[in-house]
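Undergrad: Using only what follows, build the 3D model:
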Amino acid sequence: MTSHGERAGSFERGAADYAASRPDYPDAAVDWAIPPGARDVLDLAAGTGKLTASLVARGLDVVAVEPSAAMRAELTRLLPDVRALAGTADATGLPDASVDAVTVAQAWHWFAPATASAEIARVLRPRGRVTVLWNVRDEAEPWVAAFGEILHRGDPMPTHYVQPAFGGELEAIEAAEFRWTQRFRPANLRALAASRSFLLTMAPDERESRLAEVDALVATHPALAGQDVVDLPHVTRAWRASRR
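TA: Numbering: from 1, shown residues only. Now for the predicted structure:
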């Protein structure tokens, strides 16, 4: 069985597919994540910059910390003016009390909660805020459920979009959900599947077989076949906590 660490590191091989296919974050969720008056923000485990771009668009001074060189390279290609650093949730490399907010999008499940909470509390200013966000496909839509079954069949990793185990100096946890719809090209479902850690760590023949199932879904499902663009419903689930 592939280890948790191997899956976390697999994005080094999937950065281009990740940048091309993963969704952005809805404005309402981004606004909820950032406290009033914030100016300095750490986007932790920023990946290819899906959330980073929305933070920059709000005029915030953003530093992106990402351990994967390939993911960081995609972020820099897309957002050349953003300061992007090699670092982890346990060691960001930032000074004490240097940011007003920390965001973690689609990544908390790769962290060790106790040490990540301590590092986040260290870099936050007093009353600063950390927000963890996950984009979750809404499988009430039948074709989305069929796609999810292909992606997750046999995946031993449990559902990870649950309340984070914040600890130490982080308190007053609040939760919110944001429902929204992405206009999505069915032809890109293959790349979206290919960007998942479960598929990235499969043997090549098994991975190609799973991607062929995605191709067949696109070609045959009545909601997808022959469609250039479809609605892909999401729920963005978010939790935030403040530093004491």
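Undergrad: Determine the longest helix present in this protein.
TA: helix 204-220 (DSSP state H).
Undergrad: Tell me what angle the helix or strand that comes right after that one forms with helix 204-220.
TA: Remark: after helix 204-220, the chain's next helix or strand is strand 230-243, criterion DSSP states H and E. Using axes from the mean of the first three to the mean of the last three CA atoms, to 10 degrees, the direction of strand 230-243 lies 120 degrees away from that of helix 204-220.
Undergrad: Please name the nearest non-neighbouring residue to the spatially most central residue of the chain.
TA: For the chain, the residue nearest the mean C-alpha position is Gln106 (2.4 Å; CA atoms, centre = their mean). Residue nearest to Gln106 in three dimensions, not counting chain neighbours: Trp134, with 5.9 Å by CB to CB, 6 or more residues apart in numbering. (Each C-beta comes from the backbone N, C-alpha and C, glycine too.)
Undergrad: hey, what's that neighbour bridged with?
TA: Arg237 (DSSP bridges).
Undergrad: For the chain, which segments are assigned as strands?
TA: 40-44, 61-65, 83-85, 99-105, 124-137, 170-184, 230-243 (DSSP state E).
Undergrad: contacting residues around the first one?
TA: Looking back up the chat, that one is strand 40-44. By CB atoms under 8 Å, 6 or more residues apart in numbering, the residues outside strand 40-44 that reach it are 34, 49, 51-52, 55, 60-65, 89, 92, 94, 98-105, 107, 120, 123.
Undergrad: State the mean pLDDT of it.
TA: Per-residue pLDDT over strand 40-44 has a mean of 98.
Undergrad: can you check the fifth one too?
TA: Averaging pLDDT along strand 124-137 gives 96.
Undergrad: wait, what's in contact with the closest residue in space to Leu94 that isn't next to it in sequence?
TA: Nearest in space to Leu94, with sequence neighbours left out and distances taken as CB to CB, 6+ apart, is Val123 at 4.6 Å. Taking CB under 8 Å, 6+ apart, we find Val123 in contact with Leu42, Thr92, Leu94, Pro95, Asp96, Ala97, Ser98, Val99, Val102.
Undergrad: can you pick the most crowded of the residues you listed?
TA: Val102 (29 neighbours; other CB atoms under 10 Å).
Undergrad: is it true that that one touches Leu133?
TA: No. Using CB atoms under 8 Å as the test, Val102 is too far from Leu133 to be in contact (11.5 Å).
Undergrad: of the contacts of strand 40-44, buried ones?
TA: Using 16 or more other CB atoms under 10 Å as the burial test, those include 34, 49, 51-52, 55, 60, 62-65, 89, 92, 94, 99-105, 107, 120, 123 as buried.
Undergrad: Just name the closest of the contacts of Val123 to Leu200, please.
TA: Thr92 (24.8 Å; CB to CB).
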